[in-house]
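Peer 1: Compute the structure for the input listed below.
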Amino acid sequence: MPTRPAGPMSQDWEPVVLHKSKPKAQVLRDAKAVNQALRAGAQVQTVKKFDGGTNKKAPATAVYARKLDEAEQPAALDRVAPEVRQLIQKARIDKKLSQSDLAKQINERPQVVQEYENGKAVPNQAVLAKMERVLGVKLRGKIHK
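Peer 2: Numbers count the residues shown, from 1 in each chain. Here you go, the predicted structure:
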């Protein structure tokens with residue numbers, strides 16, 4: 001068992017003083033904190049916001065920008081023509097390929113092939129070229145039946 005040294009006991013470390021953290025900006029803007037600072041005689045700075053407290057509408061520049069975009073660009077994009085849809089389906093069935101098999105051969109997702117056959121896809125010349133190569137049917141340009 002350890003023994004205590006003889007003589008008076010003393011501490012050999014410094015006292016630690018803990019300080020409060022500074023109040024956050026949101027707390028300083030609180031009405032209670034402002035009133036307390038005024039009572040204590042501290043300086044309080046007030047800044048009036050531009051158009052603060054008014055019920056004015058924001059400028060309608062976003063509305064004008066949207067109208068301008070709509071005027072410049074057509075609302076609906078071109079979709080796959082019905083003739084192209086039918087050619088893709090007919091050629092795929094003649095080659096005895098499923099939609100997923102065709103998708104694998106052209107390195108696309110099955111959903112892409114499905115969208116082309118349903119007419120929901122926006123025509124992409126690169127995808128149509130891949131389908132032409134695999135199916136052996138002309139899908140771009142003028143189609144002659």
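
Peer 1: What pLDDT does the model give the closest residue to Lys120 other than its chain neighbours?
Peer 2: Spatial nearest neighbour of Lys120, chain neighbours left out: Arg79 (6.6 Å); criterion: C-beta to C-beta, 6 or more residues apart in numbering. For the C-beta atoms, the positions are set from N, CA and C on the backbone; glycine is no exception. Per-residue pLDDT puts Arg79 at 86.

Peer 1: What is the neighbour count of Ala37?
Peer 2: Using other C-beta atoms under 10 Å, Ala37 has 13 neighbouring residues.

Peer 1: Quick check: the residue nearest to Lys120 touching Glu115?
Peer 2: No: using C-beta atoms under 8 Å as the test, Arg79 is too far from Glu115 to be in contact (9.3 Å).

Peer 1: Name the residues contacting each of those two.
Peer 2: Common contact partners of Arg79 and Glu115 (C-beta atoms under 8 Å, 6 or more residues apart in numbering): Ala121.

Peer 1: Next up, the contacts around the nearest residue to Lys95 once chain neighbours are set aside.
Peer 2: Closest residue to Lys95 apart from its sequence neighbours, by C-beta to C-beta, 6+ apart: Leu135 at 6.4 Å. Neighbour list for Leu135: Ile88, Ala91, Arg92, Lys95, Leu102 [criterion: C-beta under 8 Å, 6+ apart].
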